[in-house]
Each structure stands twice: as structure tokens, then as C-alpha cells.
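# model this:
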Amino acid sequence: MLKVVLTVSFLMSYIITSVAQSGQITLTHLANSSHHDAHRKFVEEKAREFSLRHPDVNIEIVAASGNYVEKVLIAAAGGVSYDIIEPTTAQIADIVNQSLLLDLTPFLQRSGLSRQDFIPVALLPFTWNGALVGLPTEINAVTTISNVRLLQEAGLQTPGQLGKDWNWDALRTMAPKLSADTQGRGVNDRWAVALNASFHRIFPAFVHNAGGDAYDAQVQPRNATFTKDSAVAVGLQFYLDLYWREWLTTNAKTFRSEERTAISLLDGSWWIGLHEELDDPFPYEVAPFPAGPARQGSEALANGFCIGVHSQHPEKAFEWIKFLAADYDNAIEYMRATGRPTAYLKATPRFPTLFDKHPPSISVWIEVLSHPDVRIRNVTPVYTTVQNEFNSRFRDVMDRKRSLTDFLEHMQRFTQSRLDEIWRGR
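As a prediction, the model looks like this:
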């Protein structure tokens, strides 16, 4: 850890020396390696463009490999504050809890922008106790994606054609017609649905639409609700029933490239890039998740840009992130380059028009973001820890080695204890 701190400190000293020599202001932008490659290339290109427009500003892109949050926290412990950081929804809570981000509200007001310029759900991860700690740049929602060819061969309507009738009952009816043991081996090698056995996929697709959640709030939850909310068991049981009947596979490749699964509940707009990489792209359709007993919502994931609380040049840093996240032409370019919707409302409606080789139904990725049942992925420092525990333990339930009730009781205790630790420390 000391080595990392010294390395970061040396880097910052070098940058400061360079600034003094050149007369430029240098903004350090800590790039997040967990973002996709197209995002990284976009930021690098825009850094060059911004410096051409603002000769007094140099953008220093600092690559951060490994654990991004740890990189930010270790740097802060060593007295270093990056000007710009770009955490994901799952990462931002750990950073906010250390009071490392600047409130952008005054900058937003002076700039002529307002919160109303962004998709509302995209602001949730960046809004803490009334403070706005980041500008969202992209917003994604996982939805239903169907292989049109496989559904047509089975004589079935697509989820989009079913419209309001696309629900759990429809999926139950369709599933046996789309699943088969074609090799005569006693196990299915074709399935109706692909959905991996992960907390961050099962909960949005089934538990939320059953009316449940693992926490009592989307942002800064204080309590776990694995056992307090009966709809959690309903959603997980629906998943298990599909899996035990061999109508559901956890193998994403069977949909994405092998055409052995008809419906995916795994992907969002990044599917555009995955589809274009296929040797023989198949016709597809996008639709909302199947409606459950309570709702038909989707879970959104937002990424954005934040300013370090100790930035020496916060005004210039805000101009830089505004250029990235709230410039109309850049927002269009970002969507075209990455295949992901922008959170900047003036440009968002253009998304479906940018990909003429893809079906009109890609507009669903925009439509679900304004649906009243849309949710943001839970924003809490314990999210990753709880997800890892869920993923490692739920397999025993799938293999019938442990009851769902016992599993949920364990997750309730585990999650509540982690939340209590966080809140006691405040």
C-alpha cells in the first residue's frame, strides 16, 4: 500500500512540476479500467479536443488498473486528490462515505445547466443528502432481448408482439416450447431463457418485478429485507422453477453466440456491440422485462464524472466534465461510439436513430428509463460484499442442497450485519 501511495505522490509531483514549467493548469483524470474500451477512447480523444479549445488546460489521463475504489482511497490517504474520478454505481458509495467528492450544485447553477437536463434516475447514485456529487454520462437498463428467428421457428409471438401480455405467465407458457433435449442425452441443450445466477441479474429481472428488494431503500439503505419482504422469495422461487425445469440456462453464450437460447434477460444496450461482433448476426428484438405480480420495471446503471473535494482547479474541472457529459454534439458522439444512451436529455432521444442496422425496438432501452417502475441499482458500500455472498451461497439452493428459506435467513443476517457496521461508523 505504501508503494502505491509513494507512486501516486511521485506522479502528482511530476505533474505539478510540469505545470510550473509550461504555465498550464493540469487536471488529473483517474480513468476507470472497469469502463468499456470505447468509453476510454472517447475520454482520451475529448481530452485532446478540450485542450485545443482551452490552451491553458492540460488533461492528464491517469490509468487505474485493479481496484478503482482502493486506488482513490489510498491516494487520498497519501494526501493526493485527483481532480476528476469516474466511479460506477457500485463504487460511488465507498468514495462518498469518505467525503472525497465535491458538491457540484453551485457549479451547475452558474453554468446554466440544471438537474432537469438529465434523466432523473441517472442522478440518483450521484445525489447524497441533497448534494450532487457527479454528472451522469451514460445510463443503461437491462431488458429482454429475443432471438426472433428461434421464436418464429417455434410458432410463437415475440415479447414485443405480446406487448402488455408479456408477463411471467406468458414466459411459463412459452418456455417448454423453446426448450429441448435435441441430443437425446437426458438433459436440455436448448432453453427458453438465459439468466445467470447472480444477484445483480436475478433481482432486477424477477425479484423487483415480484415487488421485492434486498434493501429498504435504493440509495443509502439502512436495513436488509431478504426475509422481511415476502416478494423476495416469490421472485427467487420463480427463477428456481424455470431453472429446475431446465427452461433456463445460466450460460450467456447459448444466447449471445450459439443460438441455443431464445430469450436473454442479461444485457442492455451494450448488446449492440456484442451483436456486431457476431460472424452471423441473427435478427433480434428488444422488449421490457416480463411483468411480474407487482410491476414491469427495469434496473438502470449510471456512470458519471465527479470532482475530487481537494481539487485545486474545481471551476476548470467542472468545465471539463460538463464538456464530456452535457455537450450535445459530444453526447451524440458518445452514443454512436459506445452504443450506450447518454443521460443528457437533449441528446437521449437521438439514440434509436444512430444505429440503422439495428431494429426499431432498440428504442425500448430509452423508454424503460422513464417508466415509473424503473430503479437504480442499489447504492450502498455493502453492495459488492452482499452480491459476492449471494452468488457463492445461492448455488446450493439451485442444486437443492439448501432450502430457499434457510438461504434467505442467512442473507438477512449477513447483509444486516454489514449495514450495521457501515452506519455505526458514521
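# quick one, domains of the chain?
Listed domain ranges for the chain are 2-139+302-370, 144-297+382-424 (source: automatic domain parsing).
# Quick check: which of those domains is nearest to I376?
domain 2-139+302-370 (4.3 Å; Cβ to Cβ). (C-beta placed from N, C-alpha, C; glycine too.)
# Quick one: mean pLDDT for that closest one?
For domain 2-139+302-370, the mean per-residue pLDDT is 89.
# now the domains of the chain as JSON lines including distance to I376 and mean neighbour count?
What follows is the domains of the chain, written out as JSON lines (distance: least, Cβ to Cβ, whole Å; neighbours: other Cβ atoms under 10 Å):
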{"stretch": "domain 2-139+302-370", "distance to I376": "4", "mean neighbour count": "18"}
{"stretch": "domain 144-297+382-424", "distance to I376": "5", "mean neighbour count": "18"}
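# what are the phi and psi values for the most centrally placed residue in the chain?
Geometric centre of the chain, nearest residue: L301, 3.0 Å, by Cα atoms, centre = their mean. Phi and psi for L301, reported as degrees, to the nearest 10, are phi -120, psi 130.
# likewise the one 5 residues further on?
With angles defined as degrees, to the nearest 10, C306 shows backbone torsions of phi -120, psi 160.
# so it makes contact with L102?
Yes: between C306 and L102 there is a contact under Cβ atoms under 8 Å: 7.4 Å.
# show me where the stretch 51-200 of the chain has helices.
For the stretch 51-200 of the chain, the helices defined by DSSP state H, counting those that start in this stretch cover 68-77, 92-96, 105-111, 120-123, 148-153, 159-162, 168-178, 199-202.
# Would you mind giving those helices as CSV with distance to S361 added?
Converted to CSV, the helices of the stretch 51-200 of the chain look like this (distance: least, Cβ to Cβ, whole Å):
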stretch, distance to S361
helix 68-77, 34
helix 92-96, 31
helix 105-111, 34
helix 120-123, 21
helix 148-153, 10
helix 159-162, 6
helix 168-178, 17
helix 199-202, 21
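# unless I'm mixing things up, D216 is touching R222, no?
Yes: if you go by Cβ under 8 Å, D216 and R222 touch, sitting 6.4 Å apart.
# Find the nearest non-adjacent residue to F305, please.
Of all residues not flanking F305 in the chain, I321 sits nearest, at 3.9 Å (Cβ to Cβ, 6 or more residues apart in numbering).
# so how far is stretch 42-61 off the chain centroid?
Relative to its chain's centre, stretch 42-61 lies at 27 Å (Cα atoms, centre = their mean, to the nearest Å).
# With stretch 126-140 instead?
14 Å.
# got the end-to-end distance for it?
Stretch 126-140 has an end-to-end distance of 15 Å (criterion: Cα to Cα, to the nearest Å).
# just stretch 111-122 next, same as before
End-to-end distance of stretch 111-122 (Cα to Cα): 19 Å.
# who touches it?
108, 123, 132, 135-136, 139, 300, 302, 304, 318, 322, 326, 343-346, 348, 369-370, 374-376 (Cβ atoms under 8 Å, 6 or more residues apart in numbering).
# same question, stretch 331-347
36, 38-39, 41-42, 116-119, 122-123, 136-140, 268-270, 272-273, 302, 304, 325-326, 328, 348, 350-351, 354-355, 365-366, 369.
# try 6 Å
38-39, 42, 117-119, 122, 136, 138-140, 269, 272-273, 326, 328, 348, 350-351, 354, 366 (Cβ atoms under 6 Å, 6 or more residues apart in numbering).
# Output that stretch as CSV, nothing but the C-alphas.
The C-alpha coordinates for stretch 331-347 follow below in CSV (Å, rounded to 0.1, in the frame of the first residue of the first chain):
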residue,chain,number,x,y,z
ALA,A,331,-23.3,13.2,-26.2
ILE,A,332,-24.3,12.2,-29.7
GLU,A,333,-20.7,11.1,-30.5
TYR,A,334,-20.6,9.2,-27.2
MET,A,335,-23.7,7.2,-28.0
ARG,A,336,-22.5,6.4,-31.5
ALA,A,337,-19.1,5.3,-30.3
THR,A,338,-20.2,3.2,-27.4
GLY,A,339,-23.8,2.1,-28.2
ARG,A,340,-24.9,3.3,-24.8
PRO,A,341,-27.5,6.0,-24.1
THR,A,342,-26.4,9.3,-22.7
ALA,A,343,-28.0,10.7,-19.6
TYR,A,344,-28.1,14.2,-21.1
LEU,A,345,-31.8,14.6,-22.0
LYS,A,346,-31.4,16.9,-25.0
ALA,A,347,-29.5,14.2,-26.8
